[in-house]
Structures are given as C-alpha cells and as structure tokens.
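1. got a structure for you, letters missing:
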C-alpha cells in the first residue's frame, strides 16, 4: 500500500466524513505533567472511525455493484450501513441474535437489512458467504482490505496536519488496535506526511495479539475474544495486510487494563466533554498511564457506549 | 457595534481559541423528522464559549494593564482565568464561598487567584470594585462589554461559514441566553455574513427575562436567579448593550423546562457523544421540542456538568 491510496480515499471522503478536531485540555496536561492531544474520532459520523473505512470501500466499488455485506455486531456494521445508504446502495449486516437491541436497531436505522444468526449453532462466515453468493453482494471486510485501511488512514493525514499546526513534529501516536486497520492506515499516512510521529498500538491486557505479533514478527492469536469491557477491539488475530505494515512502522505494542480504560473514559468526560466507549478510550489510557512521550497524541476512536458503562466509569473515577 | 469588531476579535482569537465543529446526527434527524445541527462549543477551551469573550477582552487591553478581575462562580471566571494566564497577566476571580469546590479548584488551576466572599453578608460588586481600585485591576464583565460580545460573536462567524458549507442558507439559530452576550454576538455576525440565519434566544421556563424583554421592548427582570438546573444562564436581567442588539435582530424568545434540558443532555450523549451542562443544552432542547425550523442550528454552549447531573439525565431519558 502507498500514501497515494490514502490520498485518494481522502478525496472520496471529502465532504462526506467529518474532519474531527485534535483537542487538548490545560488542566489534564497540568495534572499529568505533559501535553496530551486527543483526536476526537468519537465525533465521526456513526460515532466511530469505522465510517471512514466503510465510505472509502463503498465509494470505490465499480458501477453496477448490487449491494454490500458486513459481518459485525458493532461499529463496522453501522459504518457500512450508513455509507451504503448514502450511496443509494443496499446493505446487509450479519449480526448475532444476542447482540444488544440498540445496536441492531441503530444498524437498521442507518438503512441496513440486519440478518441475525445464532452464535451457538450457525457459522457466521458461511452465512455471509452464502448471502453474498445468492444476492450478488460485495463483502466489506472490517480491516484486511486496502480500501478500508486507506480510509482509516485519513485519520493519519488529519493528525499530521493538526500536529503541525500545534507545533508538534516528534511524538508517539497511540492508536487502539483490534485487527489493526486504523493503526496501519495512520502509520502509513504519518510515515509519508509526519515521519517524526510514530504509531504505537494499544490493546486490552490479555488480548494483546498485536503486541505479541509485533514482538515476535509473526501473527499471534488471542485465546478468546470475550472477557474485556473493551468489546469493540477484541479480535482473534492481527490482519494479514495490517501486520506487515505495523511490523515496518509501529513501535512496541502497549496494553491497558479495563480499569485504566474506564479511568480514561471518566477523564474524557471531565476534561474533554467527550463520551468514549471503553475500546475507544484505551489509547488515552495508554497516554496517561503507559508512556513517557511528551507530547503524546492519542486517537479516541469511538463513543458508542451505553449509559450504564459511562455511569460505572464516572462512579469509580470521576 | 459592527461586524468589524467581531472580525477583529476573530483575528485575535485565531490560533488561541478552538474552531468548534458543527455536528449533525443522522439517527437524531430521523427520529425528529428534521435536520438538526449542533455547534459544539462545549469543546471550546475551558469547556464553554466564555473563553472566546474572555480572550477577546484580555487581548484588547492596553499595554501596562496590571491584571484583570472577574466576578463569576462559573464559566466566565474559568474563561477569564485561562485567557489572562496565557497572556501572562494576573487574574482575580471573585466567587461565593459556597461555590462547588471543583469550580473553585478549576478556576485556580487555570491560574487565577480566587477571592471568596460570603453571599449572606458581603456585597460582591463592592468587593470587586474595591479589589480593582486597590490593585489596579481591570474588570472583565460577563456580557455587557463590546469586546466580550465581539468575542462571543466569533461563534456566529464560524456558524455562517459552516452552515454555508452544509448548504444551509435559511434557518433559525437557537442560542442559550443569560445576559445575552452570546446571542447578541452571534446575531451581529449572522446579520452581516448569513442574513438568512436568524437568532432566537432560549431560556429556562420561569427565568425568561430576555423573552419578556424582547416581547415588551423594555428590559424585564427575573424575580430570582435560583431554582433551575440551568444555573449557568440564570441572570437577573438582559444586558443594556445586548438587549438593543437582540431587539433589532432576534426573533421571539423561547423557553424550555428543566426536564427538556435533561432530555437534550441525554440525546447529546446518545447521538453526538458530547457532554453538555443543563444550561448548555437548552438550545438543543428548543430545537427538538419548540421549533418547526428545518433545518435548525443550535449552540451547545458548554459542558461543565458534574457526573451526578449527567447520570440523572441518562437515568431519565437515555
């Protein structure tokens, strides 16, 4: 992949995705003794960066495409749903039947047809493949797709420009990491446009497949994908496209605890007036508790949390 | 006052105050059947628009100014504190001794000296005047000051440009209203730069001094300034500078209930991932519940709420 693909994605996203602000907060800086910048991607359409990759992929489809399909219980599905709807294209999102009702309802409200499956008895991938074959739909993968990585990379283009405007030319850029699409895209963009800014991936403790993969140079897997509050970034293993990019460009992977993610949610409430979901708060948590980089930039990747989770974070840490 | 004063304030604020985004949310639009745009001024430095007016005033002071003084238990004091600190100038903020500890602590953390007074036994205005005289400080009023109004008016310059980019040339612009500095500044900016956008003020029910003043053409007062959850916008009466501007440019004043403000806070959480304070949510509440304007633009003026108030809003309306 090259920077030209990210630039092309940025042109396709222009006027459709939101340019999100890079925020800082004087009192947080004072409390932690360093300058902390938050890329507020929770303000993106559909509440997470996933809309960028979805739009980049859908907008690159050839004429005559009959529709798209995504397999996702969360942010990727909502991003694909809205991107397809705004292209006047049908979207099918395959979701587990025990997904939270609000996520199912939102995915439908963004215009998608939701197809539910039983986690215990059905094979999601087989169901998705069958639907694609039957209906002539194009699968939009969540991260192992050059168009999607390029779309997420537009976050990096914006960070490069915003950091320059803030007088920052050397810093770590901490990015939450599931499959690695966001961190790989940002890493590629920064390598071309702000080479003093280095990506470091952030994962929940115990789900550090990317950190171990970066350390060993080979794809490592998580033993399970449940058990952390950071549900949005629990993936089985790094992508086969994203891992080589991150092996080339990223520093060592970082990990934070669920409590640290909740603490970061509470500080985002207090100092940035932003709602973050736990998986969207891990990079801020790493900026606060796990790096000496000063300044440090972190991506607040999503805000789709429920009231109870925010209330938990506030009751414990605000 | 003229647009030239607002343009001059914008030049002084450039690079110091934040250009805040104008957001919309597809699912909220669908739920309410109209296009709703939120100017996210809660993302401004110090968490409210007040930093703009404070910066505009402090940056216009003549060389040799010895320091500034503000009388405020809330957002104006924090805005003046940070603006003065960043100009290398001493700031004194006069606050009631029963103000919330976090507000006192934050005002100090922004660099101000906090002088406490007893609401029951001391006269705030006399205390402030005495301090100004003793120490040679310049009083920064919260709204009845041309520099402050011009600073708040930069919100209107940004709305004019952002609405244009969104294809909006005719709409109501709903603005929360205490003394009227923000609404007057925005009204002046829009009159010059986007004359199809009309300001309407929004106040809490029972504290509708501006609405009654606009209706009667003469300054009306509130009977009390306590008793609504929207504490940030409870002022005794419209300003003597702001009222004539709004009589000239604004439509009829609007009012919302405390419950509607809480409901708007909950919807801001769900659909915009923003934390609003009750007084900062009244314009969104009016956009949702009290106007047929489509599209409608509303200013989310501040986010300095406490966890308990947000929890109350979420428990009732999310």
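-> Received it, and whenever you're ready, just let me know what you need. Note that the coordinates shown come from a computational prediction; the quantities given were computed from them, not determined experimentally.
2. what does chain A have sitting close to chain B?
-> Residues of chain A found near chain B (C-beta under 8 Å from any C-beta of the partner chain) are A:18-21, A:23, A:26-27, A:30, A:40, A:42-43, A:45-47, A:82, A:106, A:109-110, A:269, A:272-276, A:303-304, A:307, A:310-311, A:314-315, A:318. Glycine gets a C-beta too; all of them are placed from N, C-alpha and C.
3. Let's see that with 6 Å instead.
-> Within chain A, the positions near chain B by C-beta under 6 Å from any C-beta of the partner chain are A:27, A:42, A:47, A:109, A:269, A:273, A:275, A:303, A:307, A:311, A:314, A:318.
4. Tell me the one of those nearest residue A:134?
-> Proximity of the residues of chain A next to chain B to residue A:134 (C-beta to C-beta) peaks at residue A:109, which lies at 24.9 Å.
5. residue contacts, the closest one?
-> residue B:27 (C-beta atoms under 6 Å, 6 or more residues apart in numbering or on different chains).
6. again, but for residue A:287
-> A:36, A:174, A:296, A:298 are the contacts of residue A:287 under C-beta under 6 Å, 6+ apart.
7. where's it, which helix or strand?
-> helix A:278-289 (DSSP states H and E).
8. Report the buried residues of that helix.
-> A:278-288 (16 or more other C-beta atoms under 10 Å in any protein chain shown).
9. tell me which of those is nearest to residue B:194?
-> residue A:280 (34.3 Å).
10. what about the helices in the stretch 151-300 of chain A?
-> For the stretch 151-300 of chain A, applying DSSP state H, counting those that start in this stretch gives helices covering A:181-193, A:209-216, A:242-249, A:258-272, A:278-289.
11. so which of those gets nearest residue B:222?
-> Of all the helices of the stretch 151-300 of chain A, helix A:258-272 sits nearest to residue B:222, with 30.6 Å by C-beta to C-beta.
12. excluding its backbone neighbours, what's nearest residue A:96?
-> In this structure, residue A:96 finds its nearest non-sequential neighbour in residue A:119, 4.8 Å apart by C-beta to C-beta, 6 or more residues apart in numbering or on different chains.
13. And residue A:226, by the same measure?
-> Excluding its sequence neighbours, the residue lying closest to residue A:226 (C-beta to C-beta, 6+ apart) is residue A:234, at 6.8 Å.
14. I'd guessed the one you found sits against residue A:223; true?
-> No - using C-beta atoms under 6 Å, residue A:234 is not in contact with residue A:223, being 11.3 Å away.
15. When the two are compared, which one has more neighbours?
-> Comparing residue A:234 with residue A:223 by other C-beta atoms under 10 Å in any protein chain shown, the one with more neighbours is residue A:234, at 20 against 9.
16. Got phi/psi on that one?
-> Main-chain dihedrals, residue A:234, degrees, to the nearest 10: phi -100, psi 100.
17. roughly how far apart are it and residue A:116?
-> With distances taken as C-beta to C-beta, to the nearest Å, residue A:234 is found 20 Å from residue A:116.
18. Residue A:78 too?
-> 16 Å.
19. Next, count neighbours for the residue lying closest to residue A:67 once chain neighbours are set aside.
-> In space, and not counting its chain neighbours, residue A:67 is closest to residue A:90: 3.6 Å by C-beta to C-beta, 6+ apart. Summarising burial for residue A:90: neighbours were counted as other C-beta under 10 Å, giving 17.
20. Hmm, residue A:65 and residue A:90 touching each other?
-> No - assessed by C-beta under 6 Å, residue A:90 is found out of contact with residue A:65, at 9.7 Å.
21. returning to that earlier point: compare residue A:78 and residue A:116 and say which is more crowded by neighbours.
-> Under the neighbour definition other C-beta under 10 Å, residue A:78 and residue A:116 were set side by side, and residue A:78 has more, 29 against 14.
22. Pretty sure that one sits in a helix.
-> Yes - according to DSSP: H, G, I helix; E, B strand; the rest coil, the state of residue A:78 is that of a helix.
23. how about it, what does it touch?
-> Taking C-beta under 6 Å, 6+ apart, we find residue A:78 in contact with A:46, A:106-107, A:110.
24. What sits closest to it if chain neighbours are left out?
-> Excluding its sequence neighbours, the residue lying closest to residue A:78 (C-beta to C-beta, 6+ apart) is residue A:46, at 4.5 Å.
25. isn't there a helix covering that neighbour?
-> Yes - looking at residue A:46 with three-state DSSP, it is inside a helix.
26. tell me the pLDDT at the residue of the stretch 51-200 of chain A found nearest chain B?
-> Here the stretch 51-200 of chain A gets closest to chain B at one residue, residue A:109, 5.0 Å apart by C-beta to the nearest C-beta. Confidence at residue A:109, expressed as pLDDT, is 96.
27. Just to check, residue A:53 is in contact with residue A:149?
-> No - applying C-beta under 6 Å, one finds residue A:53 not in contact with residue A:149, separated by 7.2 Å.
28. more neighbours, the two?
-> Using other C-beta under 10 Å, the more surrounded residue of residue A:53 and residue A:149 is residue A:53, with 34 against 31.
29. what's the helix or strand for the more buried one?
-> Secondary structure from DSSP H and E places residue A:53 in helix A:50-58.
30. between that helix and helix A:181-193, what angle do the directions make?
-> Relative orientation of helix A:50-58 and helix A:181-193, computed by axes from the mean of the first three to the mean of the last three C-alpha atoms, to 10 degrees: 80 degrees.
31. Contacts made by helix A:50-58 with the rest, please.
-> A:9, A:13, A:16-17, A:44-45, A:75-76, A:79-80, A:83-84, A:87, A:140, A:147-148, A:150-152, A:154.
32. run the last query once more with 8 Å
-> Contact with helix A:50-58 is made by A:9, A:12-13, A:16-17, A:44-45, A:68, A:70, A:75-76, A:78-80, A:82-84, A:86-87, A:89, A:140, A:142-143, A:145, A:147-152, A:154-155, A:181-182, A:185, A:302, as judged by C-beta atoms under 8 Å, 6 or more residues apart in numbering or on different chains.
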